[in-house]
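Novice: here is a sequence with its predicted model. Questions after.
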Amino acid sequence: MVGSSTNVGLKVEVCNLDAVFIELQSAIQKSNRLLQLKLKKEFLKRRSVIYLIAIFLNQGITMQDLALLMQVDKGTITKTIKSLCAAGVIKKLQDEKDKRIWHLYSADNLDEFYLEINSQYNQICSSLFNNYSEEKIELLKSYITRITNNINALKSLH
């Protein structure tokens with residue numbers, strides 16, 4: 001145990017893994033915010049950049065597949081896609097055979113914007129891992145993959 005805290009009669013114990021999770025979550029939020037600030041785009045809300053990159057790299061992805069890729073619920077995808085469509089950065093086209101399915105594409109006039117996202121994203125990643133060897137980066141990726149797999153296993157139990 002790292003420590004404990006008492007608040008309104010409740011005793012909360014914090015273990016080392018909780019501290020790691022909090023630090024990881026904080027790092028992700030800070031790096032996303034930094035990317036938003038560097039791009040200076042008002043429509044980029046929380047996590048929007050990640051959705052834009054996923055759509056840009058997977059032109060024609062369905063909303064359902066994007067939800068699976070991002071590991072979020074249908075409501076979150078619908079809300080995010082609606083705001084990105086309203087901002088004009090993506091377009092949503094209905095499937096010709098199954099009208100319930102929508103395919104997502106980046107807007108035609110945004111190639112420069114996506115190049116800017118990629119450039120800024122690469123700069124941030126380079127800075128984040130500046131003093132890490134390739135071996136350490138691969139080790140970190142393997143840990144994150146294992147954590148993700150463990151989370152997915154927990155989700156399948158429910």
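Specialist: All right, it came through fine.
Novice: show me where this protein has its strands.
Specialist: Using DSSP state E, the strands of the chain run over residues 3-7, 10-14, 61-62, 90-94, 102-106.
Novice: in contact with the residue nearest the centre of the chain, which residues?
Specialist: For the chain, the residue nearest the mean C-alpha position is Ile50 (4.5 Å; Cα atoms, centre = their mean). Taking Cβ atoms under 8 Å, 6 or more residues apart in numbering, we find Ile50 in contact with Asn32, Met70. Yep, even glycine has a C-beta here, placed from its N, CA and C like the rest.
Novice: with the one 3 residues further on instead?
Specialist: Residues in contact with Ile53 (Cβ under 8 Å, 6+ apart) are Ile117, Asn118, Tyr121.
Novice: low-confidence regions, this protein specifically.
Specialist: 1-17, 39-47, 158 (pLDDT under 70).
Novice: show me the helices in it, by range?
Specialist: If DSSP state H is used as the criterion, the helices of the chain fall at 16-39, 48-57, 63-70, 74-86, 111-128, 134-156.
Novice: out of those, flag the one nearest Trp102.
Specialist: helix 63-70 (5.1 Å; Cβ to Cβ).
Novice: residues contacting that closest one, please?
Specialist: Applying Cβ under 8 Å, 6+ apart, the contact partners of helix 63-70 are 50-51, 54-55, 58, 61, 73-74, 76-78, 81, 92, 101-102, 104.
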